[in-house]
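S.K.: When you get a sec, could you give me coordinates for this:
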Amino acid sequence: MIARYALYAALTVALALGGWSMWLMRANASLTVKNASLERSVAAYRAQAEQAALARDVEKARAARFAQQSADMAAKIETILTGGIPDAVLDPALADILNGLRD
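M.R.: Here you go, the predicted model:
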């Protein structure tokens with residue numbers, strides 16, 4: 001009779017261990033899927049960071065180009081306003097328009 005109870009106990013332990021093993025395998029599979037998803041997210045974030053860095057560099061270059069164009073234009077306007085055009089006299093009405101004195 002004790003052998004029968006020992007057999008039942010062994011079967012119960014085996015079923016419990018089998019169930020626990022199945023639960024661990026499912027949990028492992030779920031974590032493996034989640035890990036793959038997180039790795040893809042990290043890769044996407046890294047690509048996005050690289051694109052953002054490239055966009056910052058492009059914007060810096062564009063801003064530098066516009067700053068240079070602005071400086072060149074300001075110098076040209078200053079030359080026009082001060083009469084620094086050797087081959088033509090600046091019309092006073094044009095100077096007033098450039099200075100914002102006339103509409």
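S.K.: so where do the strands sit in this protein?
M.R.: For the chain, no strands are identified by DSSP state E.
S.K.: if you count residues, which helix in it comes out on top?
M.R.: Longest helix of the chain, by residue count under DSSP state H: helix 2-81.
S.K.: Which neighbouring elements make contact with it?
M.R.: Packing contacts for helix 2-81, counted by 3 or more Cβ pairs under 8 Å, 6 or more residues apart in numbering; DSSP states H and E, involve helix 92-99. (Each C-beta comes from the backbone N, C-alpha and C, glycine too.)
S.K.: from the chain's centre, how far out does the helix it packs on sit?
M.R.: Its chain's C-alpha centre and that of helix 92-99 lie 47 Å apart, by Cα atoms, centre = their mean, to the nearest Å.
S.K.: what ranges of the protein fall below the confidence cut-off?
M.R.: Where the chain drops to pLDDT under 70, the residues are 83-90, 102-103.
S.K.: Identify the residues contacting stretch 94-103?
M.R.: With Cβ atoms under 8 Å, 6 or more residues apart in numbering as the contact definition, stretch 94-103 has outside contacts at Ile77, Ile80, Leu81, Ala93.
S.K.: Tabulate the residues you listed (TSV), appending distance to Ala10 and neighbour count.
M.R.: Output for the contacts of stretch 94-103, formatted as TSV (distance: Cβ to Cβ, whole Å; neighbours: other Cβ atoms under 10 Å):
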residue	distance to Ala10	neighbour count
Ile77	98	12
Ile80	103	14
Leu81	103	13
Ala93	110	10
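S.K.: closest to Phe66 among those residues?
M.R.: Phe66 lies nearest to Ile77 out of these, by Cβ to Cβ, at 15.9 Å.
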